[in-house]
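Colleague: missing the sequence, but the structure's below:
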């Protein structure tokens, strides 16, 4: 299987199937490895450290939407142990 640096999947799914996909993603994040694959290739992401999380929900006249974005830097900076002083 060919490795690639981007993965996209678009389809119609019932709510139970979406729930199963979200559970798989959540479990992968918890384990530190999320493996996406299809007939065109594979993308393995390894979330570590602090993750940025953005959740957006909207309701229009005929279309409702939930967006979930999780991102992180490959090389996370260490948190500073130096106390902050403001004068």
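Modeller: Good, I have the coordinates. The model shown is predicted, which means the values in this text are computed figures rather than measured ones.

Colleague: so which helix or strand takes in residue 18?
Modeller: helix 15-31 (DSSP states H and E).

Colleague: what does that helix contact?
Modeller: Under the criterion CB atoms under 8 Å, 6 or more residues apart in numbering, residues 13, 34, 35, 47, 51, 70 lie in contact with helix 15-31. Glycine gets a C-beta too; all of them are placed from N, C-alpha and C.

Colleague: before we move on, what SS does the last one have?
Modeller: Think residue 70. Counting by DSSP: H, G, I helix; E, B strand; the rest coil, the backbone at residue 70 sits in strand.

Colleague: residue contacts, it?
Modeller: Residue 70 is in contact with 29, 47, 51, 52, 53, 54, counting by CB under 8 Å, 6+ apart.

Colleague: Surely the fourth one is in contact with residue 68?
Modeller: Translated: residue 52. No. The criterion here is CB atoms under 8 Å, and residue 52 misses it with residue 68 at 11.6 Å.

Colleague: Geometric centre of this structure: which residue is closest?
Modeller: Nearest to the geometric centre of the chain sits residue 70, at 3.9 Å (CA atoms, centre = their mean).

Colleague: do you know how far that residue is from residue 43?
Modeller: 14 Å (CB to CB, to the nearest Å).

Colleague: ditto for residue 8
Modeller: Applying CB to CB, the value for residue 8 to residue 43 is 10 Å.

Colleague: Looking at these two, which one has more neighbours?
Modeller: residue 43 (15 against 8; other CB atoms under 10 Å).

Colleague: Let me know the angle separating the host helix or strand of that one from helix 15-31.
Modeller: Assigned by DSSP H and E, residue 43 belongs to strand 41-45. Strand 41-45 runs at 50 degrees relative to helix 15-31, counting by axes from the mean of the first three to the mean of the last three CA atoms, to 10 degrees.
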